[in-house]
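[1] Sharing a model prediction with you, sequence too.
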Amino acid sequence: MKSPTEINVIKMKSISKVYDNGAVALDNVDITIRRGEFVFIVGSSGAGKSTFVKLLLREIMPTSGHLLVNGYNVKKMPNREIPYLRRSLGVIFQDYRLLPNKTVYENVAFAMRVIESPRRLILRSVNSVLDVVGLRDKYKCFPSQLSGGEQQRVAIARAIVNNPALIIADEPTGNLDPETSWEIMDIFQRINAAGTTIVMATHDKMIVDTMQKRVLAIEDGRIVRDEASGGYGYEV
Ligand SMILES: Nc1ncnc2c1ncn2[C@@H]1O[C@H](COP(=O)(O)OP(=O)(O)OP(=O)(O)O)[C@@H](O)[C@H]1O
């Protein structure tokens, strides 16, 4: 976090993204997400949700507009600052993206090793986040020995271990059955209640309708709905 006093975790001003082939993935988007919010990004396939997420991570650059994430000016920041931006975020994907040859403990510890955290802090923090996701007793397991829901819980532990101000989750329940999905959402709710902002792109109508959080709906690259406490809004 560049500025601990920053209230806006994400600020997009007139953001557009046009890919090299001319596809307009985002078209003049203005949104602000404040510290502590829980926000669902919904929209049909190809609407622009993944583009939105990639911009926040600076995997791609906006074509025009201004974008602040955790106080970083994503468009103007020099490449050497990108690692600092990414460290201020926790990211969770549909396909978990764990390291297959490392144990649960090592997968989570790795996120702290790359930023050269001291060994004792790593031990304490990894045990603590494995408690949060209910996987302390599986710390020696390899990803292949875990269910999909358990693998996603490891990914969540890895995402929160460095205390990011913002969690970005792209279809985190996309590969999970409804019951397991709710276990994941329960963890997200607890993380959010402790103050972390959560932005989650999803197609899961049941979850969005039930949780009644802020909903940003994207269609053809535009924000067509921004409701403080809304539902999915589409038939599936
Ligand atoms: N690398 C790329 N090059 C060219 N066009 C792209 C690229 N990535 C995405 N697009 C186009 O941009 C638009 C938005 O795509 P995006 O992946 O953001 O949608 P999405 O809402 O995440 O879809 P889904 O729900 O299917 O994942 C689509 O028209 C897509 O074809």
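    Thanks, I have the structure now.
[2] tally of neighbours for Y96?
    20 (other Cβ atoms under 10 Å). For the C-beta atoms, the positions are set from N, CA and C on the backbone; glycine is no exception.
[3] nope, S181 is what I meant
    Neighbour tally, S181, other Cβ under 10 Å: 20.
[4] For the nearest residue to it once chain neighbours are set aside, which three-state class applies?
    Nearest residue to S181, sequence neighbours excluded (Cβ to Cβ, 6 or more residues apart in numbering): T173, at 3.8 Å. State at T173, reduced to three classes by DSSP: H, G, I helix; E, B strand; the rest coil: coil.
[5] for T173, what are its contacts?
    Q152, T180, S181, I184, M185, T202, D204, I207 (Cβ atoms under 8 Å, 6 or more residues apart in numbering).
[6] pLDDT wise, what is it at?
    For T173, the pLDDT comes out at 96.
[7] Kindly report the same for T5.
    pLDDT recorded at T5 is 56.
[8] about what we covered before: what are the phi and psi angles of the residue nearest to S181?
    phi -110, psi 10 (degrees, to the nearest 10).
[9] how close does it sit to L146?
    16 Å (Cβ to Cβ, to the nearest Å).
[10] about what we covered before: could you tell me which of the contacts of T173 are located in helices?
    In this view, the contacts of T173 that belong to helices under DSSP state H are Q152, T180, S181, I184, M185, I207.
[11] Quick check: the farthest pair among the residues you listed?
    Using Cβ to Cβ, the ones in helices among the contacts of T173 reach their maximum pairwise distance at Q152 and I207, which is 13.7 Å.
[12] Between those two, point out the one with more neighbours.
    For Q152 versus I207, neighbours defined as other Cβ under 10 Å are more numerous around Q152 (29 against 21).
[13] Run a quick neighbour tally on S44.
    14.
[14] so who does the most centrally placed residue in the chain touch?
    Nearest to the mean C-alpha position of the chain, by Cα atoms, centre = their mean, lies I168 at 1.1 Å. Neighbouring residues of I168 by Cβ under 8 Å, 6+ apart: V53, L56, L57, L89, G90, V91, I92, V199, M200.
[15] Could you point out the helix or strand that follows the helix or strand of the chain with the lowest mean pLDDT?
    When the helices and strands of the chain are scored by mean pLDDT, DSSP states H and E, helix 82-87 comes last with a mean of 89. Per DSSP states H and E, the first helix or strand lying C-terminal to helix 82-87 is strand 89-93.
[16] farthest-separated two in the contacts of I168?
    Once Cβ to Cβ is applied, these give L57 and M200 as the farthest pair, at 14.3 Å.
[17] Show me the helices in this structure, by range?
    Assigned by DSSP H, the helices in the chain fall at 49-57, 82-87, 104-113, 119-132, 148-160, 178-193, 205-211.
[18] any idea which of the contacts of I168 is the one closest to G134?
    Nearest to G134, judged by Cβ to Cβ, of these is I92 at 16.1 Å.
[19] For the chain, what lies in contact range of the ligand?
    Applying Cβ under 6 Å from any ligand atom, one finds that the chain approaches the ligand through Y19, N21, A23, A25, G43, S45, G46, A47, G48, K49, S50, T51.
[20] Count the neighbours of the second one for me.
    Using other Cβ under 10 Å, N21 is surrounded by 5 other residues.
[21] can I see the domain layout of this structure?
    Domains of the chain are assigned by automatic domain parsing as 25-88+166-229, 99-163.
[22] ok, E219 - how many residues close by?
    Neighbour count of E219, defined by other Cβ under 10 Å: 15.
[23] May I have the beta-bridge partners of it?
    R222 (DSSP bridges).
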